[in-house]
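>>> Quick check, what structure comes out for this input:
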Amino acid sequence: MKRLIAIAAISALAACGGSDKDEEIVSGTFQDDKGNKGEYSVRGDDDAGSFSIKTKDGSLNITANKSGNVKLPFGLKMLPGSKIQANVQMNQGPAGTNGSMVSFESDVAPENVIAFYRKQVESVGFKIGTEMKSGKTQMFNATRGGKDNINVTATADDNGKTTGNVIGGTKG
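Prediction:
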């Protein structure tokens, strides 16, 4: 069932987009080879898409957009002046794994992006684990309480722009 959910999620997100407004693209029910049943729904427009699935084992909701309601994990704030490139939220319900990934572009140097997020992460109780600097890329990961994880990466390009990624989640 989990493999079926993963394949459906990837296929559904690939189908998002191409319409004038947020609308249902497809929805329905399915049954796997063991008789387990579930429901799915895919919604989308040119800027955002969502995929939801419910089975007897729980639910999974994935939303993705380039603007609108950006939700960084653990209450972190966006780097001022950054431009969102991708914003993905995943939620498997109260007992499941929940997480988010935000990619952005900025004029801020990678070391300053890392310092900005490191300060926030430490202020909400995370302990820094691995830190890395390699060429034009810097990153760190951090954990809190054995369940919460976060990874921040910043990479400079040759035009003075930095691409940043903040990925975080909580194990259910």
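>>> burial measure for D46, as a count.
13 (other C-beta atoms under 10 Å). Backbone N, C-alpha and C define where each C-beta goes, glycine included.
>>> mind checking how far it is from E23?
In this structure, D46 and E23 are 11 Å apart, going by C-beta to C-beta, to the nearest Å.
>>> do the same with L76
31 Å.
>>> pretty sure G125 is touching R144, no?
Yes. Counting by C-beta atoms under 8 Å, G125 touches R144, with 5.1 Å between them.
>>> Compare the two and say which one has the larger neighbour count.
R144 (16 against 11).
>>> Excluding sequence neighbours, find me the nearest residue to the more buried one.
F126 (4.5 Å; C-beta to C-beta, 6 or more residues apart in numbering).
>>> likewise G38?
Setting aside the residues directly before and after it, G38 is nearest to T55 in space (C-beta to C-beta, 6+ apart), at 3.9 Å.
>>> check contacts around F74.
V121, V124, F126, R144, D148, I150, G168 (C-beta atoms under 8 Å, 6 or more residues apart in numbering).
>>> Stretch 42-55: which residues count as buried?
V42, R43, G44, D45, A48, G49, S50, F51, S52, I53, K54, T55 (16 or more other C-beta atoms under 10 Å).
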